[in-house]
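Asker: this is the structure alone, sequence omitted:
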């Protein structure tokens, strides 16, 4: 199985701050990567697919990037509604595995 | 609008089975795979498997073969997942979600989740 190592596990940031979350794939997955946001008590929501493409309706302050097998999610100016957990997911091969998650809190 | 409406929470005894449903609306049910994802309490997400509603074809995470059975009823646009021989390790929230037939395993819409508690 492809392992997705996500960091940090938790993050505390201030409003308007730039936030970056990373995911390292255990093998080459190309651009087959997604990012999801999950707010407390809610279902996950797709933010980014194909490593860099913004899903419909997602604010432009979210962006994704790739460097080799390392992937990053960036929130350019943190808003209060961005608080929650974030997960990466590889869409390259079965089983489609997720990172352990990053819990984002307000400082 | 696209909706995936799941059945209610379940409390089941160890060794028993549970069957949950996921009713799709707002899109053509047979145009997307339906996947199921497990989220244990406070933990990450695990992909269980998927079913193609048009044919009933399935693909599974090896870890869940023998544990999960996936079926659909095209007439009601409803997907089902049955979990068997339940243990405490199966206590979790289970989500249904969909992905495109093109093989892009990105999950764009999710059900609200079913909380399954296994306890005597």
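Answerer: Yep, it's here. Please read all numbers here as calculations on a predicted model, not as lab measurements.
Asker: relative to the whole chain's centre, how far out is stretch B:7-23?
Answerer: Taking Cα atoms, centre = their mean, to the nearest Å, the mean C-alpha location of stretch B:7-23 is offset from the chain mean by 11 Å.
Asker: need the residues that contact it.
Answerer: For stretch B:7-23, contacts defined as Cβ atoms under 8 Å, 6 or more residues apart in numbering or on different chains pick out B:4-6, B:34, B:36, B:76-88, B:94, B:96, B:111, B:114-120. The way it works is simple: take the backbone N, C-alpha and C, and place the C-beta from them, glycine included.
Asker: so which of these also contact chain A?
Answerer: With Cβ under 8 Å from any Cβ of the partner chain as the criterion, those include residue B:111 near chain A.
Asker: buried subset of the contacts of stretch B:7-23, written for PyMOL?
Answerer: Restricted to buried positions by 16 or more other Cβ atoms under 10 Å in any protein chain shown, the PyMOL selection for the contacts of stretch B:7-23 reads:
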select buried, chain B and resi 4+6+34+36+77+78+79+80+81+83+86+94+96+111+114+116+118
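Asker: among the contacts of stretch B:7-23, which lie within helices?
Answerer: Counting by DSSP state H, no part of the contacts of stretch B:7-23 is found in helices.
Asker: ok, the residue nearest the centre of chain A - contacts?
Answerer: Nearest to the mean C-alpha position of chain A, counting by Cα atoms, centre = their mean, stands residue A:35 at 3.8 Å. Taking Cβ under 8 Å, 6+ apart as the criterion, residue A:35 is in contact with A:21, A:46, A:47, A:48, A:62, A:64, A:73, A:86, A:87, A:88, A:89.
Asker: for these, pick the one with the most neighbours.
Answerer: The most crowded member of those, judged by other Cβ atoms under 10 Å in any protein chain shown, is residue A:88 (28 neighbours).
Asker: what helix or strand does that one sit in?
Answerer: In the assignment (DSSP states H and E), residue A:88 maps to strand A:84-90.
Asker: run a quick check on residue A:88 versus residue A:70, I expect a contact.
Answerer: No. Counting by Cβ atoms under 8 Å, residue A:88 stays clear of residue A:70, with 10.5 Å between them.
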